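>>> build me a model:
(one chain, ligands or ions: 1)
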Amino acid sequence: MGQNYEEVRDSADILIVGGGIAGLTAAVSAKEKNPDASVIVVEKQFAGYGGKANKGGGVLQYFDLDHMKPEDFLQYHVHAVGCYLGDQDTMLKYVAMNNEMIDRMEGWGISIPKVKMPTGPMTFMFGIDLDSCIKMTARAKKLGVKIYDKVAISDLLTDNGKIAGAVGYSLLDGKFYIFEAKAVMMATGSQNYRVSEMWSNGRGDGIAAAYRAGAQMRNTEFGNFGQLFRKESFHECVFGENNMYNKLGENVTKNFRRFPESDISATAIREWYEQMSEGKGPIYLHIPQMRGGGGGMMGEGRPYGQAFWSIQGEGEEEMDKDMEVVPGLVGEQSPIRVDGNMAATIPGLFAAGDSCYCGSGAPGAVPAPPGRNRGSGILNAVFAGIVGGESMAEFVKTAEQNKICEEQVAKLKADAYAPLEREEGCTAVDVIDIVQDIMCPCENSIIMSQHRLDICLRKLERAKALVPKMKAKDFHDMCDCHEAEAMVLSCEMHLKAASMRHESRGWFLREDYPQMDNVNWLKWIIVQNDNGEMKLTTEDVPIEKYPVQPLKF
Ligand SMILES: Cc1cc2nc3c(=O)[nH]c(=O)nc-3n(C[C@H](O)[C@H](O)[C@H](O)COP(=O)(O)OP(=O)(O)OC[C@H]3O[C@@H](n4cnc5c(N)ncnc54)[C@H](O)[C@@H]3O)c2cc1C
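Numbers count the residues shown, from 1 in each chain. Below is the predicted model of the structure:
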């Protein structure tokens, strides 16, 4: 299989998969640290235009380090957000680098008007214009980074358990690409299950490639971020959880939130679910109470973003009415396990940004981004891009190029083109429909119980059986098939890890285990491919070595 497709070979010291803000930051940082290292970026959309940093509000987390110590934020975050499940060393490093990161971004040409808006205890946000990735692409090219657009990486190449490169194919002409590299970084974004169109590029195929190659995954059960959406338009209602009312006119926010919090938590969605179950729904937001946010931050100094928002914006007159809201899953599974240098568990493999936010352990018991901190998505991607890019720049100074195994190349080529070469079969959409049916209802992915998780796992078997039967009609469709397969994998990792965690902690809520259990569950769940079988193990959070300890009552 696959022999009909022409092969293209290239090599570099460093191969970065994904040209979003994390991948581009890594490319620029690696080059700045080690100008002699050759760097390739491979992007399945267009570097500068793909990815998420250009899709949303463009806000950037800011810590006023002149008036606050990183340790103060860590205290708050560990108790109120991460719920003791975080890697506190990495979180501290992230906060401490805040001002340096903003300075470096400005140095790379990114426009950051310094209009501050408070977002919660100890944090502010700045606006960042939505063309940051266009600026970073130009910067990367100027430094000599080679960019391949419209090439999707399908698998990693390994040599005796170490990284040797990666393979993929052109979405335009189907040519098969074989990249040899000493270090490979997955900057491929998170898994969003193609639910919400603005998040639709989070398809998890980079996560799946790392999993297949044997990389460990961590915190897969925290890929269940949800938001309140307007029922009419499915428009996201950021901060709407502060003004929720039931059909009796009762303020139901008071049931789960007694003081200002940094951002939405799963408890808002649980409240929606309970009110609806008790027949007190629908749930409305009281709009007049929501006015006045944003200040000058959303407009000033961001011409590129303003043009985008003028197309996206809702009519003012509609904003005057109370609106019915429903919870919608966004997803954001980001589980590739990395250490504080963004090194994954396979030698030579690194990751950055949304592919490994929860896998880094830094945010703790929250899906990320935003991980209850608006503006931490872009900033974390920049953080991980700088740290990972510089780590790779050092790594390749002494690392040998591992051997490419031609047998492995041939097998991975056959795997990649299999959906196109099948005579008949089902579509990628058939598979995606099943996964969305499982993941989208908040009672399956956000407020869970063993009974419902078991039903979901049984339903997932139908999707798993269809994976080897998907048939593609062209190269884009073939990519859809790979992405659908990745969705099945992410869903399975979520359901199995969620079944294993017998407690509620942070964003993770189980109806049948409603309490946080620091005696038995101060543990990370690790998921790994063990010769084709999904193996789940636990690992104690090394809480005793961290500065912040659980409160004792
Ligand atoms: C609507 C929306 C609003 C947001 N608003 C904010 C905000 O205001 N502030 C904030 O901080 N964060 C925000 N975020 C989150 C933030 O944008 C992301 O956390 C951040 O951009 C992630 O960057 P990344 O490079 O890690 O991943 P991505 O931006 O997802 O980039 C990954 C790239 O990898 C490519 N890729 C994936 N798989 C492959 C493959 N197999 N082969 C080749 N290429 C591949 C993708 O095409 C993509 O370009 C928002 C996100 C969305 C969707």
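
>>> which residues touch the closest residue to Arg218 other than its chain neighbours?
Closest residue to Arg218 apart from its sequence neighbours, by Cβ to Cβ, 6 or more residues apart in numbering: Arg337 at 4.2 Å. Any C-beta I mention is one placed from the backbone N, CA and C, and that applies to glycine too. Counting by Cβ atoms under 8 Å, 6 or more residues apart in numbering, Arg337 touches Ala215, Gln216, Met217, Arg218, Ala344, Thr345, Cys356, Gly359, Ser360, Ile526.

>>> helices of the stretch 451-553 of the chain, start to end?
475-500 (DSSP state H, counting those that start in this stretch).

>>> now the stretch 101-250 of the chain
Remark: helices assigned in the stretch 101-250 of the chain by DSSP H, counting those that start in this stretch are 132-142, 205-213.

>>> to the ligand, which of the ones you listed lies closest?
For the helices of the stretch 101-250 of the chain, the distance to the ligand is smallest for helix 205-213, at 4.4 Å, taking Cβ to the nearest ligand atom.

>>> what is the closest one packed up against?
In terms of contacts (3 or more Cβ pairs under 8 Å, 6 or more residues apart in numbering; DSSP states H and E), helix 205-213 is packed against strand 151-159, strand 176-186, strand 217-218, strand 349-351, helix 475-500, strand 523-530.

>>> quick one: that helix to strand 523-530, angle?
Counting by axes from the mean of the first three to the mean of the last three Cα atoms, to 10 degrees, helix 205-213 points 70 degrees away from the direction of strand 523-530.

>>> so how far is Ala47 from the residue in the chain sticking out farthest from the centre?
Within the chain, the residue lying farthest from the chain centre (Cα atoms, centre = their mean) is Leu248, at 37.5 Å. Counting by Cβ to Cβ, to the nearest Å, the gap from Leu248 to Ala47 is 52 Å.

>>> so what's the residue count around the residue nearest to Val366 when sequence neighbours are not counted?
Leaving out its chain neighbours, the residue that sits closest to Val366 by Cβ to Cβ, 6+ apart is Trp507, at 4.6 Å. Counted with other Cβ atoms under 10 Å, residues neighbouring Trp507 total 26.

>>> cool, and Phe124?
Count around Phe124 with other Cβ under 10 Å applied: 19.

>>> contacts only, for it.
The contact partners of Phe124, taken as Cβ under 8 Å, 6+ apart, are Gln61, Tyr62, Phe63, Asp64, Lys116, Met117, Pro118.

>>> is the first one in a helix, a strand, or coil?
In other words, Gln61. At Gln61 the chain is in strand, as set by DSSP: H, G, I helix; E, B strand; the rest coil.

>>> in the chain, what spans have low per-residue confidence?
For the chain, the stretches with pLDDT under 70 are 1-3, 57, 288-300, 308-321, 553.

>>> mind redoing it with 50?
By pLDDT under 50, the low-scoring segments of the chain are 291-295, 314-317.

>>> so how far is Gln528 from the residue nearest to Arg218?
Arg337 is 9 Å from Gln528, where distance means Cβ to Cβ.

>>> which neighbours do those two share?
By the contact definition Cβ under 8 Å, 6+ apart, Arg337 and Gln528 are jointly contacted by Ala215, Gln216, Met217.

>>> top of those by neighbour count?
Ranking the shared contacts of Arg337 and Gln528 using other Cβ under 10 Å puts Met217 first, with 30 neighbours.

>>> ok, that one to Ser334 distance?
From Met217 to Ser334 the distance is 10 Å (Cβ to Cβ).

>>> quick check: neighbours shared by these two?
Here Met217 and Ser334 have Ile207, Gly359 as joint contacts, going by Cβ under 8 Å, 6+ apart.

>>> where does the residue nearest to Val366 fall, phi/psi-wise?
For Trp507, the backbone dihedrals (degrees, to the nearest 10) come out as phi -70, psi -20.

>>> on that earlier part again, pick the one among the contacts of Arg337 closest to the ligand.
Of these, the one sitting nearest to the ligand (Cβ to the nearest ligand atom) turns out to be Cys356, at 8.5 Å.

>>> chain neighbours aside, what residue packs nearest to the closest one?
Once flanking residues are discounted, Cys356 sits nearest to Ile336: 4.0 Å by Cβ to Cβ, 6+ apart.

>>> looking at it, that neighbour is touching Ile346, isn't it?
No. With contact defined as Cβ atoms under 8 Å, Ile336 does not count as touching Ile346 (10.0 Å).

>>> among these two, which residue is more densely surrounded?
Ile336 (30 against 18).

>>> what sits against that one?
Ile336 makes contact with Met186, Gly206, Ile207, Ala210, Ala215, Met217, Ala344, Ala351, Ser355, Cys356, Gly359 under the criterion Cβ under 8 Å, 6+ apart.

>>> the same query, at a cut-off of 7 Å, please.
Going by Cβ atoms under 7 Å, 6 or more residues apart in numbering, Ile336 touches Met186, Ile207, Ala210, Ala215, Met217, Ala344, Ala351, Ser355, Cys356, Gly359.

>>> most tightly packed of the helices of the stretch 101-250 of the chain?
Across those, the average number of neighbours (mean count of other Cβ atoms under 10 Å) peaks for helix 205-213, which reaches a mean of 26.

>>> could I get that one in PDB with only the CA atoms?
Taking C-alpha atoms only, helix 205-213 is exported to PDB below (Å, rounded to 0.1, in the frame of the first residue of the first chain):
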ATOM      1  CA  ASP A 205      -3.600  13.900  15.600                       C
ATOM      2  CA  GLY A 206      -0.200  15.100  16.900                       C
ATOM      3  CA  ILE A 207      -1.100  13.700  20.300                       C
ATOM      4  CA  ALA A 208      -2.100  10.400  18.700                       C
ATOM      5  CA  ALA A 209       1.200  10.200  16.800                       C
ATOM      6  CA  ALA A 210       3.200  10.700  20.000                       C
ATOM      7  CA  TYR A 211       1.000   8.100  21.800                       C
ATOM      8  CA  ARG A 212       1.600   5.500  19.000                       C
ATOM      9  CA  ALA A 213       5.300   6.100  19.200                       C
END
